[in-house]
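>>> Please find the sequence and the predicted model below.
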Amino acid sequence: MEKRQKKILILISCFFFVYFYSEAFLRRAAVSLIDKDKMKIETVINKLPANIRDGVKKEIDYASFQDSLMNAKTDGERVQILTTMAISLYQGNEQKKNEIFSEIVNEHPDLPESVQAFSSLLLNETSPRTVTLAEYRKFIAKLSPQGRYNAWSIGVSALKARKKSADIQFEYMQPLLDFKADFKDYSSLYEYLYDLALNLEKADLLPVLDKKRKECSDLPPIEDPLKAKDKGVKK
């Protein structure tokens, strides 16, 4: 153990010396030889020259994600890891992020963990692979009651962020007119759908939507998964 620590300290001391001769070598050494489980890797990275710091950190993060993917026991775990990887590692790189989300949507269209990928590609014109309203609704139908509510809400937020028109947003939410809500939380969705109908001058739908919203007040709220788990333990 002591011998290993000395080796690491020598390696770190050499980093700055080697940098003046070979930036490429330094990059490879930082990734392959530092035992990040034994060292405070962030401290080491922060001492590297600024022009290579981000690259080294990205390579280490990428290697960590690959290790996690190799150790994933289920497809659901794999999708969660890929989603986190796309969001954190490729922030600002829409092309690469969309490639990962496209892989998830194409290979795991039935998994609830795929919701972030589906919503990220929902009518996303910047991606070669887009998710249509029909595809997204089909995905929602496969989810649990809580998953359905979350997917509806995330989809609305995605369309708002992409500045989709009121017509498109209304078309997306229209199935809620014939939907039997499970939770009180749906009231916010019906309120927004009410506002859309009002702006689009769909006066005939306003009483229906107002009734739907009021009906939600008698429903239970979505229960926090952790609280539900604790309640199950107490039983």
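Sure, I can see it.

>>> Check which helices and strands the helix or strand hosting residue 116 sits against.
Secondary structure assigned from DSSP states H and E places residue 116 in helix 115-121. Where contact means 3 or more Cβ pairs under 8 Å, 6 or more residues apart in numbering; DSSP states H and E, helix 115-121 is packed against helix 75-89, helix 94-107, helix 133-141, helix 145-161. Just so you know, the C-beta spots here come from the backbone N, C-alpha and C atoms, and that holds for glycine as well.

>>> May I see those organised as a markdown table, with mean pLDDT added?
What follows is the helices and strands packed on helix 115-121, written out as a markdown table (pLDDT from 0 to 100):
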| stretch | mean pLDDT |
| --- | --- |
| helix 75-89 | 91 |
| helix 94-107 | 95 |
| helix 133-141 | 96 |
| helix 145-161 | 96 |
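
>>> Please name whichever of those is nearest to residue 119.
helix 145-161 (4.5 Å; Cβ to Cβ).

>>> the inter-axis angle of that closest one versus helix 133-141?
Inter-element angle recorded for helix 145-161 and helix 133-141: 150 degrees (by axes from the mean of the first three to the mean of the last three Cα atoms, to 10 degrees).

>>> hang on, the earlier thing: and the helices and strands packed on helix 115-121: which comes nearest residue 212?
When the helices and strands packed on helix 115-121 are compared by Cβ to Cβ, helix 145-161 sits nearest residue 212, at 13.2 Å.

>>> So which bits of the closest one are buried?
By neighbour count with 16 or more other Cβ atoms under 10 Å, helix 145-161 contains the buried residues 146, 148, 149, 150, 151, 152, 153, 154, 155, 156, 158, 159.

>>> so can I have a markdown table of these showing distance to residue 125?
Formatted as a markdown table, the buried residues of helix 145-161 follow (distance: Cβ to Cβ, whole Å):
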| residue | distance to residue 125 |
| --- | --- |
| 146 | 30 |
| 148 | 26 |
| 149 | 27 |
| 150 | 24 |
| 151 | 21 |
| 152 | 22 |
| 153 | 22 |
| 154 | 18 |
| 155 | 16 |
| 156 | 18 |
| 158 | 12 |
| 159 | 12 |
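
>>> Name the nearest of those relative to residue 177.
Nearest to residue 177, judged by Cβ to Cβ, of the buried residues of helix 145-161 is residue 152 at 12.8 Å.

>>> just to revisit the earlier point, residues in contact with the helix holding residue 116: which ones?
79, 83, 86-87, 97-98, 100-102, 104-105, 127, 129-131, 135-136, 139, 143, 147, 150-151, 154-155, 157-158 (Cβ atoms under 8 Å, 6 or more residues apart in numbering).
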